[in-house]
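[1] with the input below, show me the fold.
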Amino acid sequence: MLAKGLELEANSYLTDNRSLAASLTLLDMAFSKDDSGELLGKTPVWVPERQASLWANYDVFEGALAGATLGAGVRHAGKTHMDSLNTDQVPAYTLVDLALGYDLGYLNANLGRRPGATVRQQPVR
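    This next block holds a predicted model:
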């Protein structure tokens with residue numbers, strides 16, 4: 001297998017709670033050895049030559065939604081071959097993603113305890 005390519009990624013915090021991430025992959029991959037000779041020079045199945053993505057996140061630090069992260073992104077994949085002899089292709093496609101996350105570190109320390117249970121704080125050593 002011979003693979004040549006370029007992969008770029010950039011991440012940036014626009015503000016304390018807004019971030020962007022972008023990536024681009026260019027890949028030229030082909031079989032360099034094949035005992036039968038049928039696959040020599042062919043691209044492996046499901047390997048696009050181009051992929052790109054852009055993702056934005058918004059982190060909530062205060063209020064009722066503190067600990068939540070809201071995100072949206074778009075991903076693009078170039079055409080791929082759907083068989084080993086490269087006789088048929090899957091066209092390029094673009095996907096839109098939405099995400100919702102929560103940092104469990106923001107949960108109340110009393111969550112999940114029995115009502116009336118006493119909590120002892122251990123000194124930090």
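[2] was I right about A72 contacting L54?
    No - between A72 and L54 there is no contact under CB atoms under 8 Å: 9.3 Å. All C-beta spots, glycine's among them, are computed from the backbone N, C-alpha and C.
[3] what sits up against the host helix or strand of L24?
    Using DSSP states H and E, the element containing L24 is strand 18-30. If you take CB atoms under 8 Å, 6 or more residues apart in numbering as the criterion, strand 18-30 is touched by 1-14, 41-44, 47-59.
[4] what of stretch 53-61?
    16-23, 66-76, 97, 99.
[5] mind running it again at 7 Å?
    17-23, 66-75 (CB atoms under 7 Å, 6 or more residues apart in numbering).
[6] show me where this protein has its strands.
    Applying DSSP state E to the chain gives strands spanning 2-13, 18-30, 50-59, 68-77, 80-81, 89-90, 93-102.
[7] who are the packing partners of the first one?
    Read that as strand 2-13. Using 3 or more CB pairs under 7 Å, 6 or more residues apart in numbering; DSSP states H and E as the contact test, the elements touching strand 2-13 are strand 18-30.
[8] ok, T43 - how many residues close by?
    T43 has 19 neighbours, counted by other CB atoms under 10 Å.
[9] quick one: low-confidence ranges for this protein?
    Counting by pLDDT under 70, the chain contains low-confidence ranges at 108-125.
[10] switch to 80 and redo it
    Applying pLDDT under 80 to the chain flags the ranges 107-125.
[11] kindly confirm whether my reading is correct that Q89 touches M82.
    Yes - the criterion here is CB atoms under 7 Å, and Q89 meets it with M82 at 6.4 Å.
[12] correct me, but Q51 touches K79?
    No - when contacts are counted by CB under 7 Å, Q51 is not listed as touching K79 (11.3 Å).
[13] of the two, who's got more company?
    Neighbour count, other CB under 10 Å: between Q51 and K79, Q51 has more, with 17 against 13.
[14] so what's that one up against?
    Per CB under 7 Å, 6+ apart, neighbours of Q51: T25, H76, A77, G78.
[15] of the residues you listed, keep whichever come out buried.
    Among those, the ones that count as buried by 16 or more other CB atoms under 10 Å are T25, A77, G78.
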